[in-house]
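Undergrad: Just a sequence and a predicted model for now, questions to come.
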Amino acid sequence: MASFWDLDAATYDQGSDHVPRSPAERAAWTAALARHLPPTPAPVLDVGAGTGFLSLTMARMGYQVTALDLSAGMLGQLKASAAGQGLDVATVQGRADQPPDGPFAAVVERHLLWTLPDPGGALAAWRRVAPEGRLVLFEGLWGRADRAEALRARARKQLRRLRGTPSGHHGHYDPGLLSHLPLAEGTTPDQVVEAVEAAGWGPARIEQLSDVAWARLLQRPVWERVLGETPHFAVTAG
């Protein structure tokens, strides 16, 4: 898994869905973080930070950010971006279910749960390093999580292929690896809420990130906008 993301690091940010592409989308993500995170300058752990989109945004907002990722290549991209923007982000290479010691005031992740062999174990580990803190999960309704959205996503993918839009990925996970990932076929809101509460975070809250989807949709060509945008949602607890 680490090797896959190391190879992906050089092109990951070229993916149309991987980083914000407009000032409006950046503002929508900043608003979402501001709604759900404790006041600055709280210490925040960004798990599965990748090339650092969330880490850099939170550092810009004034948070003390620690970025955790399995991939040295991804963290290298993050560190280069932080240096170029004059931002201070601490980086730790390691597994999501083995986070650095806290305590953290919040733990944040984006589109990470599907890559974890034991999502529940990781959620419990995050609770241990943020015993009085907050959990903020940013996920999307993709894969087989919803049949109607799966059809729209397939059509969007075909349109982007015809337009030559880069995916940002160098390849696909090996089927043998996918068989060990319980959420590899998609994350439903129900699954995420149940996993959060089972891991000891207490009652979960959920909201659809309609402002993020709207800001993204404004950037799409007209023929792609009719197919809508992948719904994103935030699940919070603590």
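TA: Noted; the coordinates are in hand. Residues are numbered from 1 along each chain as shown.
Undergrad: Tell me the buried residues in the longest helix along the chain?
TA: Secondary structure of the chain read by DSSP state H shows that its longest helix is helix 147-163. Residues of helix 147-163 classed as buried by neighbour count (16 or more other Cβ atoms under 10 Å): 149-150, 152-153, 156, 160. Where C-beta positions appear, they are placed from N, C-alpha and C, glycine not excepted.
Undergrad: and what of stretch 26-43?
TA: Neighbour count says stretch 26-43 has 26, 28-29, 32-33, 36-37, 42-43 buried, by 16+ other Cβ under 10 Å.
Undergrad: Need the phi and psi values for residue 43.
TA: phi -80, psi 130 (degrees, to the nearest 10).
Undergrad: so what's it closest to, chain neighbours aside?
TA: With Cβ to Cβ, 6 or more residues apart in numbering as the criterion, residue 43 has its nearest non-adjacent residue at 4.4 Å, and that residue is residue 64.
Undergrad: Tell me which residue is most central in this structure.
TA: Nearest to the mean C-alpha position of the chain, counting by Cα atoms, centre = their mean, stands residue 110 at 1.5 Å.
Undergrad: for the residue lying closest to that one once chain neighbours are set aside, what are its contacts?
TA: Once flanking residues are discounted, residue 110 sits nearest to residue 138: 4.2 Å by Cβ to Cβ, 6+ apart. Listed by Cβ atoms under 8 Å, 6 or more residues apart in numbering, the contact partners of residue 138 are 32, 54, 108-111, 209, 232-234.
Undergrad: before we move on, back to that, next, work out how far apart the residue nearest to residue 43 and residue 127 are.
TA: 19 Å (Cβ to Cβ, to the nearest Å).
Undergrad: what do you get for residue 2?
TA: Counting by Cβ to Cβ - residue 2 and residue 127 are separated by 24 Å.
Undergrad: got it, and residue 6?
TA: 29 Å.
Undergrad: Low-confidence stretches in this protein?
TA: 15-16, 153, 165-171 (pLDDT under 70).
Undergrad: just the helices in this structure please.
TA: 2-8, 23-36, 53-61, 72-85, 119-129, 147-163, 175-178, 189-198, 210-217, 222-225.
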